[in-house]
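Q: give me the fold of what follows.
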Amino acid sequence: MEEMLYDSIIDNNTTAEEKTIVYNEDKSETYYLEDLDLNKGRLEIRYEVIHHEAIEAIEEISHYEVVAEYPNGGKDVEKIIDSPGKEGKEAYDETVEYQVWIPYTETDIRLREIEEELKNFKEMLTNTDYQAIKYAEGWYTEEKYAPIKEDREGWRQNIRALEKEQAILLGLPYEEEEEEETVTSNLHENELPEEIEMVETEA
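A: Here you go, the predicted model:
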């Protein structure tokens with residue numbers, strides 16, 4: 001599996017060697033960050049302490065050889081290294097940061113979908129609140145408001161169904177409550193705020 005990943009090349013001509021390595025939970029597998037679908041999982045930062053043993057210094061062993069001789073008695077010599085030296089280091093610990101890929105379960109994916117659907121339905125309710133207020137204040141007739149009311153009731157039913165499914169998936173108690181379309185307002189019957197009057201003009 002790892003060989004297959006390293007042999008791949010992404011569309012922007014980034015070679016495998018230039019990609020960012022990501023591990024699974026137990027570091028038994030590797031992936032490339034650039035190839036992962038972040039809608040199907042999440043990344044977590046992990047840290048690992050790596051201990052490095054002390055390195056004993058090794059003295060270089062070398063000798064010189066004559067490579068040229070001149071009539072005046074001069075010589076050119078060359079240093080020949082028989083055994084390279086190595087600089088000594090004390091033992092130390094190094095903290096290494098790496099990323100772990102945690103795939104979403106089917107439940108995780110569904111919960112994310114529910115959150116998005118709830119957001120959309122609640123936004124639609126909010127965006128039609130001004131029409132509900134107009135109806136309550138007598139600016140919309142029953143006939144004109146009927147389709148809007150039907151839509152809002154449908155959205156509320158969808159919200160309740162989604163919240164119930166969400167609670168079940170999370171293992172939480174859920175008590176279903178019936179909601180009715182209610183609008184409360186302290187507005188004078190002949191006065192509407194500017195933002196409502198403006199929307200009415202545009203509608």
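Q: ok, how many other residues are close to Asn24?
A: For Asn24, the tally of surrounding residues (other CB atoms under 10 Å) stands at 13. C-beta here means a position set from N, CA and C on the backbone, and glycine is covered the same way.
Q: which residues touch it?
A: Counting by CB atoms under 8 Å, 6 or more residues apart in numbering, Asn24 touches Thr30, Tyr31, Val100, Trp101.
Q: now, the residues you listed that are in strands?
A: Thr30, Tyr31, Val100, Trp101 (DSSP state E).
Q: list the buried residues in whichever strand or helix holds Ile45.
A: Using DSSP states H and E, Ile45 falls within strand 41-52. Residues of strand 41-52 classed as buried: Gly41 (neighbour count, 16 or more other CB atoms under 10 Å).
Q: would you mind measuring from Ile80 to His63?
A: From Ile80 over to His63 the distance is 6 Å, taken as CB to CB, to the nearest Å.
Q: next: Val77.
A: 10 Å.
Q: do Ala167 as well
A: In this view, Ala167 and His63 are 82 Å apart by CB to CB.
Q: and the two? Which one has more around it.
A: Per other CB under 10 Å, whichever of Ala167 and His63 has more neighbours is Ala167, with 14 against 10.
Q: the helix or strand the more buried one falls within: how far from the chain's middle?
A: Following DSSP H and E, one finds Ala167 within helix 142-170. Distance, stretch centre to chain centre, for helix 142-170: 30 Å (CA atoms, centre = their mean, to the nearest Å).
Q: can you pull the buried residues of that helix?
A: Buried-residue list, helix 142-170, by 16+ other CB under 10 Å: Tyr145, Ile148, Lys149, Arg152, Trp155, Arg156, Ile159, Leu162, Glu165, Gln166.
Q: how about stretch 104-119?
A: The neighbour-count check on stretch 104-119 (16+ other CB under 10 Å) flags Tyr104, Leu111, Ile114, Glu117 as buried.
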